[in-house]
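A.B. asks: Mind looking at a prediction? Sequence and model below.
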Amino acid sequence: MTFPPLLPLTARPRDEAHRVSTPLELIFDLCFVVAVAQAGVELVHAVAEGHAGSGIGNYVMIFWGIWWAWMNFTWFASAYDNDDVVYRLVTLVQIAGVLVFAAGVPSAFESHDFLVVYIGYVIMRLALASQWLRAARHAVDPAERRLCRRYVTGVLACQVGWTGLVLAPVGARPWVFLVMALAEMAVPVYAEKDLPSQWHPHHIAERYGLFTIIVLGETIAAATVAVKSGVREHDALGEVLPIAVGGLLLVFAAWWIYFVVPAHDRLTSSRQGFLWGYGHFLIFASAAAIGAGIEVTVEQAVGGTRLSALAAAAAVTIPSALFLLCVWLLHARYFKKGFAEQAVLPAAACAILLCTFAGRWAVLAAGLVAAAAVALGVWLTASGASSGSAAGSASRTPS
């Protein structure tokens, strides 16, 4: 073996050089996207069948569970990954848990039966709690040991609370979810109130960026399958081609806008880390929902659903606008100079929402707006850089 069988699970330096994602983290992400894909498929079915309200509610609950389990592992790994045999095996158990979770997604959507989802979540969370216990055992600093034990207590206590999602009456389950989601998100805030964990800013930014890429890739894959089905089964190339072009432009623009600024520069404190990390729930969920929306518009274009063109278009434009707005709020706005640069993404989000009323051309129009926002942003940045360079040269020129 080329890796050590057993090592102390101690915190890694926050300023460690050349910290990058590991192959284990990458396979972890890929397996989590299986659950994301399942949630997207069920969302498409619910919306296409006219059950958008319940479908979106179930999607939010399911996606939140996927995102929270992924996020907890990601931040723990950033601080404590020692890549020994035990760490690898426990991480593989967490991967098995998300696959069980994914298997239960259809039942959760169709009959509000969260038992299999809950079992998968138990597997993931118990594995995480065991990692925190191990970190507590090897911690030298009493404050760090206390931090780890708070995580263990919080994770296990919340896991008990999640049984309400299985045992409570169906009508009460959304309220159970709301209470427990808030409780879960309070655990890291409580655990790290005295001492922050040793997460690595560059590593965290890379991990979130990679997951964004994977989610956008799943969006492209889902949309491609939908377009292929529309062309092959319904001979509707003219109807689906504008949707395909517009959807591709939306995904390309989403990628460009997310990665155009150095996100790690915003992660300068635990407070910023919490805000940035938690806010990504909306970024990830909206990115995945864009693919589901494109599938719905294809279904509507070929007559596979009774949804109106307006409702089908909204399934794409609303998550697309939400994605742009959330990226701007979380980090893009901190790197923009002047009103014009600041206004590009909020204005583009509003314009994309207006594209909803463009009927069968709505997705193409939204894609063109997103592409124009990218082009305008590049031009404004280049113009600002040129002006700054010219001003700097002038100030250095002898009078």
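C.D. replies: Structure received. In this text the structure is predicted, and so the values were computed from the model without any measurement.
A.B. asks: Could you double-check that residue 264 sits in contact with residue 204?
C.D. replies: Yes - counting by CB atoms under 8 Å, residue 204 is a contact partner of residue 264 at 7.3 Å. Using the backbone N, CA and C atoms, a C-beta is placed for each residue, glycine as well.
A.B. asks: What segments of the stretch 1-150 of the chain are helices?
C.D. replies: 23-48, 52-80, 85-103, 105-111, 115-138, 142-161 (DSSP state H, counting those that start in this stretch).
A.B. asks: Which of those helices sits closest to residue 252?
C.D. replies: helix 23-48 (19.1 Å; CB to CB).
A.B. asks: Now stretch 31-51: buried residues?
C.D. replies: Taking 16 or more other CB atoms under 10 Å as the basis for neighbour counts, the residues of stretch 31-51 that come out buried are 31-48.
A.B. asks: Equivalent analysis for stretch 86-99, please.
C.D. replies: By neighbour count, and taking 16+ other CB under 10 Å as the criterion, the buried residues in stretch 86-99 are 87, 90, 91, 94, 95, 97, 98.
A.B. asks: and the last one, how far is that from residue 216?
C.D. replies: According to CB to CB, to the nearest Å, residue 98 and residue 216 sit 19 Å apart.
A.B. asks: quick one: stretch 75-90 to chain centroid distance?
C.D. replies: Using CA atoms, centre = their mean, to the nearest Å, the distance from the centre of stretch 75-90 to the centre of the chain it belongs to is 22 Å.
A.B. asks: mind listing what the residue nearest the centre of the chain touches?
C.D. replies: With distances taken as CA atoms, centre = their mean, the residue of the chain nearest its centroid is residue 284 (2.3 Å). Residue 284 makes contacts with 36, 63, 67, 211, 212, 215, as judged by CB atoms under 8 Å, 6 or more residues apart in numbering.
A.B. asks: Please identify, among those residues, the one with the most neighbours.
C.D. replies: For the contacts of residue 284, neighbours were counted by other CB atoms under 10 Å; the highest total belongs to residue 36, with 29 neighbours.
A.B. asks: Next, the contact list for that residue, please.
C.D. replies: The contact partners of residue 36, taken as CB under 8 Å, 6+ apart, are 63, 66, 215, 218, 284, 288.
A.B. asks: Could you save these as a markdown table and add columns showing distance to residue 82 and pLDDT?
C.D. replies: Converted to a markdown table, those look like this (distance: CB to CB, whole Å; pLDDT from 0 to 100):
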| residue | distance to residue 82 | pLDDT |
| --- | --- | --- |
| 63 | 30 | 93 |
| 66 | 26 | 93 |
| 215 | 28 | 91 |
| 218 | 30 | 85 |
| 284 | 27 | 94 |
| 288 | 32 | 92 |
